[in-house]
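> sequence first, then the predicted structure, then my questions.
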Amino acid sequence: MGAVTFETLAFGTTADEAFTSAVEDAKHMHGHNGYTGTIAEKTSFTIIPEHEHKGRQKRTVARELIDQGDQRIQRKRGPAGAINCSGTKAANRYREQHGLEGTHGDVWLFFGWAAH
């Protein structure tokens, strides 16, 4: 099977909670049979340190890491990348769309390669 890239936003009081929520949502939407090309294929993630993306568009950073074949996220069966997006326009929009204004937690961007 091949691999495709994915990007997804998720909310949680911790990165672990946001990741679990993103995986469960993807499984619900795309099935549990594997090879979905989504975060549903992932079992772990690695956080990209803030100094690597501070003041930059988070999705741009994620796409650059994918395009550059960054060792941390390059394998379809390896970990997803994770960037904390809290305070960005995308995170604020996500909070509004999901009724999360004023709720404690962070919006995370998960990204990488997944089996398809």
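Okay, I see it.
> quick one: Leu109 from Thr8, how far?
Separation of Leu109 from Thr8 (C-beta to C-beta, to the nearest Å): 8 Å. The C-beta positions use only the backbone N, C-alpha and C, and glycine is treated the same way.
> each with direction, which strands does the helix or strand harbouring Val4 pair with?
Using DSSP states H and E, Val4 maps to strand 3-12. In the sheet containing strand 3-12, its partner strands are strand 106-115 (antiparallel), by DSSP bridges.
> now the strands for the chain?
3-12, 45-47, 80-84, 106-115 (DSSP state E).
> JSON lines for the ones you listed, including distance to Lys27?
Output for the strands of the chain, formatted as JSON lines (distance: least, C-beta to C-beta, whole Å):
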{"stretch": "strand 3-12", "distance to Lys27": "12"}
{"stretch": "strand 45-47", "distance to Lys27": "16"}
{"stretch": "strand 80-84", "distance to Lys27": "14"}
{"stretch": "strand 106-115", "distance to Lys27": "12"}
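> tabulate those strands (a markdown table), appending mean pLDDT and mean neighbour count.
Converted to a markdown table, the strands of the chain look like this (pLDDT from 0 to 100; neighbours: other C-beta atoms under 10 Å):
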| stretch | mean pLDDT | mean neighbour count |
| --- | --- | --- |
| strand 3-12 | 96 | 19 |
| strand 45-47 | 98 | 17 |
| strand 80-84 | 98 | 23 |
| strand 106-115 | 97 | 24 |
